[in-house]
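1. Model the following, please.
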Amino acid sequence: MADGNDDDNLMQADEDPEDDDDDEVEDEEEEEEIVDLGELVDIELASPSKDFDRIVPAERSGHVAVADGNCMYVWGGYKNTQASGNYDFYLPRNEIWIYDMETGRWRKRFTEGDMPPSMSGSCAVCVDGVLYLFGGHHARGNTNRFYLLPLRSSGVLRWEKMRDLAGLPPSCKDKLGCWVYRNKLIFFGGYGYVPVGNHRGTFEYDESSFWAHSAARGWNNHIHILDLETNAWSQPETTGNPPSPRAAHACATLGNCGYVFGGRYRESRLNDLYRINLNTWEWRELIVSQQQCPVGRSWHSLIPVSQDSLFLFGGFTTDKQPLSDAWLYCISRNEWKPFKHNHMENPRLWHTACASKEGEVFVFGGCANNLLSHQPAAHSNEVLIFTVQPKSLLRLCLEMVIHFKEILASSWDCLPKDLLRNISHRAGSNNVLGS
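-> Here you go, the predicted structure:
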């Protein structure tokens, strides 16, 4: 699955039964840079029954993850299967995995309602306890459908498809980025079908897609805003020097500014950094004069970790090498600094990253090898934890109590019930690699 033209030949779990909408172009197959896994199989593929009893989610890449409170919510993506030959398949659309960032425990909830099809490369954010999901790629092609899922419901988690949105929506695409600002979702870039209508910005064809049996596709640098109060799409008039069209880039929001780093444009994976003022819509390229800075990459993650810094991890180079390096970008100094950690032997691309209130970054899933080779993809279901801020005194004490549990366990019953529950859960957590 390439960061420009990917997702071909995937088997889909629990396929969306509804027909294409008028505002969406969806083709049954597309030319891809990568994996030739045989013909695309557009069928309903139930997840193996044994997976429903697992205490951790299946390995995956191309999924989405958002944080709300102390929890990280994971949906979608795809994995390998040997069920019907050497295929990848999309993971079930009716399940969402919830990771407690305090205790390190997973749980699974099933969803109902007007569910999105199983997809990869979608864009998801969380605003006031609601997960918003846009775009992506499923078994019949790219989409520009929009869904929401309230996460704080004590009952059934129920998907809703957002209908009757005013204005011109983004084109059908995947591997785009998003900034959240003042109750607005601001989408940038991506890879997908030729836009229909007057979209501000640039669309550039991917010539390799001309040979496909589906509609031609390419990269863009369009910006589309969805106002959550009016349910209306709009496009800003930007000034300054905008980034080139790109996909599989990473976006982050800090204050009134949106940041975008890297991504793929044609045959290059970029290492440029741009900032856009979300009040004035002025673009500015942040040129770093220092020699030490991240190499060009796509399929990486970028996330705010303080009021003055962004955390960058992993990705995929122009030379098709998976990355395990991490960097901190200091906004006030316009400076990159390498971040030392214990996961250098755990490269990841097309993973997700969420930040906790404790100053930690939780990286989940992704692929550990060259996704474009003909070897089986090394998808992961591990959680990599990066401590980028000093831990609280309470957190340090809890970790010491667990570390010396052989000595202290006999006294745990003396602790308050909430602390005892926290320690018990942490002591029994699994599938977590801490930095």
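2. Distance check, residue 246 against residue 261.
-> Separation of residue 246 from residue 261 (C-beta to C-beta, to the nearest Å) stands at 10 Å. C-beta here means a position set from N, CA and C on the backbone, and glycine is covered the same way.
3. So those two - more neighbours on which side?
-> Neighbour count, other C-beta atoms under 10 Å: between residue 246 and residue 261, residue 246 has more, with 30 against 27.
4. Can you name the residues bridging to the residue lying closest to the more buried one once chain neighbours are set aside?
-> Leaving aside its chain neighbours, residue 246 sits nearest to residue 263 (3.6 Å; criterion: C-beta to C-beta, 6 or more residues apart in numbering). Counting by DSSP bridges, residue 263 is bridged to residue 270.
5. which residues does residue 263 contact?
-> Contact analysis of residue 263 by C-beta atoms under 8 Å, 6 or more residues apart in numbering lists 3, 189, 246, 247, 248, 249, 250, 269, 270, 298.
6. one more time with 6 Å
-> By C-beta atoms under 6 Å, 6 or more residues apart in numbering, the contact set of residue 263 is 246, 247, 248, 249, 270, 298.
7. burial measure for the closest residue to the third one other than its chain neighbours, as a count.
-> Excluding its sequence neighbours, the residue lying closest to residue 248 (C-beta to C-beta, 6+ apart) is residue 3, at 3.3 Å. Neighbours of residue 3 under the rule other C-beta under 10 Å: 31.
8. now for the strand or helix carrying residue 147, which elements pack on it?
-> If you go by DSSP states H and E, residue 147 is part of strand 146-150. In this structure, strand 146-150 makes packing contacts with strand 130-134, strand 157-161, judged by 3 or more C-beta pairs under 6 Å, 6 or more residues apart in numbering; DSSP states H and E.
9. That one pairs with which strands, and in what direction?
-> With DSSP bridges as the test, strand 146-150 is paired with strand 130-134 (antiparallel), strand 157-161 (antiparallel).
10. list the buried ones in it?
-> Within strand 146-150, the residues that qualify as buried by neighbour count (16 or more other C-beta atoms under 10 Å) are 146, 147, 148, 149.
11. What's opposite the nearest residue to the last one once chain neighbours are set aside in the beta bridge?
-> The shortest distance from residue 149 to any residue other than its chain neighbours is 4.4 Å, reached at residue 131 (C-beta to C-beta, 6+ apart). According to DSSP bridges, residue 126, residue 149 are recorded as the beta-bridge partners of residue 131.
12. Quickly note the distance from residue 131 to residue 74.
-> Distance check for residue 131 against residue 74: by C-beta to C-beta, it reads 11 Å.
13. between these two, which one's more packed in?
-> residue 74 (25 against 22).
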